[in-house]
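> Model the structure of this input:
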Amino acid sequence: MRENKLVDLSMDFAIRIIKLCETIKGHYSLVNQLERSATSIGANIHEANYAHGKADFIAKLQISLKECYETEYWLELFVKSDILSREAAIDLLNKCGTIRRILVASINTAKENTK
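Here you go, the predicted model:
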């Protein structure tokens, strides 16, 4: 159940980031980095659902978590560089934070279940 919610949240988040990136003119290399990290979150969560075992599952979720942190970095950089307003970024940062917290809880639960 939790993974399905995570898949849905990460897909919705990726779509919102893609739409945001389409509106930003210039800064193509930075936009590319944001788009790649944000879409990688969901891709790795999706891949985790087809993992070869518990260790592979955990590894894919950990990659998603790292991509979450990277996405937050890019969003903050865009705000501090005046590429994106704080108001435009705040909801995306909150959604990314929600995904991050669920990932941390899922990773911890999966690790506990391997003991």
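> what's the burial count for residue 75?
23 (other C-beta atoms under 10 Å). In this view, the C-beta of every residue, glycine as well, is placed from N, C-alpha and C.
> Make sure it is actually in contact with residue 91.
No. Contact status for residue 75 versus residue 91: not in contact, 10.5 Å apart, counting by C-beta atoms under 8 Å.
> pLDDT averaged over stretch 17-35, what's the number?
Across stretch 17-35, the average pLDDT comes to 95.
> and if you look at stretch 56-72?
Mean pLDDT, computed over stretch 56-72, is 98.
> List the buried residues in it.
57-65, 67-68, 70-72 (16 or more other C-beta atoms under 10 Å).
> And stretch 98-115, by the same measure?
For stretch 98-115, a neighbour-count test (16+ other C-beta under 10 Å) marks 99, 100, 102, 103, 106, 107, 110 as buried.
> likewise stretch 37-53?
Within stretch 37-53, the residues that count as buried by 16+ other C-beta under 10 Å are 37, 38, 39, 40, 41, 42, 43, 44, 45, 46, 47, 48.
> Can I get it in CSV? Just the C-alpha atoms.
Provided in CSV are the C-alpha atoms of stretch 37-53 (Å, rounded to 0.1, in the frame of the first residue of the first chain):
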residue,chain,number,x,y,z
SER,A,37,16.9,14.2,-10.6
ALA,A,38,13.1,14.7,-10.1
THR,A,39,12.1,12.1,-12.6
SER,A,40,14.7,9.7,-11.3
ILE,A,41,13.0,9.6,-8.0
GLY,A,42,9.9,7.9,-9.4
ALA,A,43,11.8,5.8,-11.9
ASN,A,44,13.9,4.2,-9.1
ILE,A,45,10.8,3.7,-6.9
HIS,A,46,9.1,2.0,-9.8
GLU,A,47,12.1,-0.2,-10.4
ALA,A,48,12.3,-1.1,-6.6
ASN,A,49,8.9,-2.7,-7.0
TYR,A,50,10.6,-5.2,-9.3
ALA,A,51,13.7,-5.7,-7.3
HIS,A,52,15.6,-9.0,-7.3
GLY,A,53,15.5,-9.2,-3.5
